[in-house]
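S.K.: Next input, structure requested:
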Amino acid sequence: MTSRPIDTSRPHSARMYDYYLGGKDSYPVDEEAAKRVISMVPEIRTVARANRSFMHRASLLLAQRGISQFLDIGTGIPTPPNLHQVVQGVNPSAKVVYVDNDPVVLRHAEALLRSTKEGQTRYVEADVRDPKEIIQGAKEILDFNEPIALSLVALLHFVPDEDNPDSIVNELLESIAPGSYIVLSHVTGDFDPAGWKKAVDLYRQSGVPAQVRSRREVSRFFTGLDLVEPGVQVVTQWHPDSDEVLSGDQVSLYVGVAQKT
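M.R.: As a prediction, this is how the structure comes out:
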């Protein structure tokens, strides 16, 4: 793997997300921007934690359903347990490819590559806006003739409409075999339009493309697929870990899992 210099002159979404989670791999520029976002939407730390929990629940569900290949795009800075630790706990021979384009994530990649003896874990440096490069890199260890779990967790709200996210998702889905799944989460402004508009404006002013979407807009990414019950829902209402279900205005994140048939 080659290493690009880390740009600490402006915020990066992965490092801001790490700050929301309480991590220590952000820089002052990221922390300043993250604090400003928190002042606009105080729930964003809850959103980040709930999103992380969703990734664990969805990955575990698919591993239990027999999926043994995972392609995680927009991995972000590692926060154990990572996806490969979750799924290889069910199936030690599971294969996982992580994809991100941030050099800070690249610096942590060696930790991600510590897999089980039976399984494989690989890191691909690529941008979601170049699905062909992602697919090419993933094919080095994943068999695209067999089902794959495509993970787009907390990613597409950083792909605004001008970058044609529908086309990106469709190209990725077309590359994977029938029986594959897509796992997706996406921030919404449905419950606090004013707060999230300010947050999106701040991201964009900082050079980070961002766009929140409604439930209807998030649902369109699942067009033509078979949604796993309960469909597209607020994150804490999707196979919750406990009896406590927070309301949508507390966790502005829609999630869903669907199968390609």
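S.K.: would you say residue 255 is within a strand?
M.R.: Yes: per DSSP: H, G, I helix; E, B strand; the rest coil, residue 255 lies within a strand segment.
S.K.: Which strand residues bridge it?
M.R.: In this entry, residue 255 is beta-bridged to residue 185, residue 233, by DSSP bridges.
S.K.: What distance do you get for it to residue 228?
M.R.: Look at residue 255 and residue 228: by CB to CB, to the nearest Å, they are 11 Å apart. (Each C-beta comes from the backbone N, C-alpha and C, glycine too.)
S.K.: And for residue 75?
M.R.: On the measure of CB to CB, residue 75 and residue 228 end up 22 Å apart.
S.K.: Compare the two (neighbour count), which wins?
M.R.: Under the criterion of other CB atoms under 10 Å, the comparison of residue 75 against residue 228 puts residue 75 first, with 25 against 19.
S.K.: Residue 105 is in contact with the more buried one, correct?
M.R.: Yes: between residue 75 and residue 105 there is a contact at 6.1 Å, judged by CB atoms under 8 Å.
S.K.: shared neighbours, those two?
M.R.: residue 123 (CB atoms under 8 Å, 6 or more residues apart in numbering).
S.K.: quick one: contacts of stretch 71-78?
M.R.: Outside stretch 71-78, the residues within contact range by CB under 8 Å, 6+ apart are 14-15, 17-18, 23, 25, 83, 96-100, 102, 104-105, 108, 111-112, 123, 128, 134, 138, 142, 148-155, 158, 172, 176.
S.K.: With stretch 212-219 instead?
M.R.: Outside stretch 212-219, the residues that touch it by CB under 8 Å, 6+ apart are 156-157, 184, 186-190, 196, 200, 232, 252, 254, 256.
S.K.: in this protein, which helix or strand is least confident?
M.R.: Sorting the helices and strands of the chain by mean pLDDT, DSSP states H and E puts helix 109-112 at the bottom, at a mean of 63.
S.K.: which residues in this protein form helices?
M.R.: Per DSSP state H, the chain carries helices over the ranges 13-20, 28-40, 44-64, 83-90, 103-107, 109-112, 131-138, 165-175, 193-205, 215-219.
S.K.: rank those by pLDDT, which is bottom?
M.R.: Mean pLDDT values for these show the minimum at helix 109-112, a mean of 63.
S.K.: Can you tell me how far the closest residue in space to residue 169 that isn't next to it in sequence is from residue 134?
M.R.: Distances taken as CB to CB, 6 or more residues apart in numbering place residue 221 nearest to residue 169, at 5.3 Å, with adjacent residues excluded. Distance of residue 221 to residue 134, given as CB to CB: 17 Å.
S.K.: next one: residue 83
M.R.: 16 Å.
S.K.: Comparing those two, which shows the higher neighbour count?
M.R.: residue 83 (26 against 22).
S.K.: any idea how far that one is from residue 213?
M.R.: Separation of residue 83 from residue 213 (CB to CB) stands at 24 Å.
S.K.: can you check residue 95 too?
M.R.: Taking CB to CB as the measure, residue 95 falls 31 Å from residue 213.
S.K.: can you check residue 137 too?
M.R.: To residue 213, residue 137 is 28 Å away according to CB to CB.
S.K.: Between these two, which is the more surrounded one?
M.R.: Neighbour tally, residue 137 and residue 213, criterion other CB under 10 Å: the higher count belongs to residue 213, 21 against 18.
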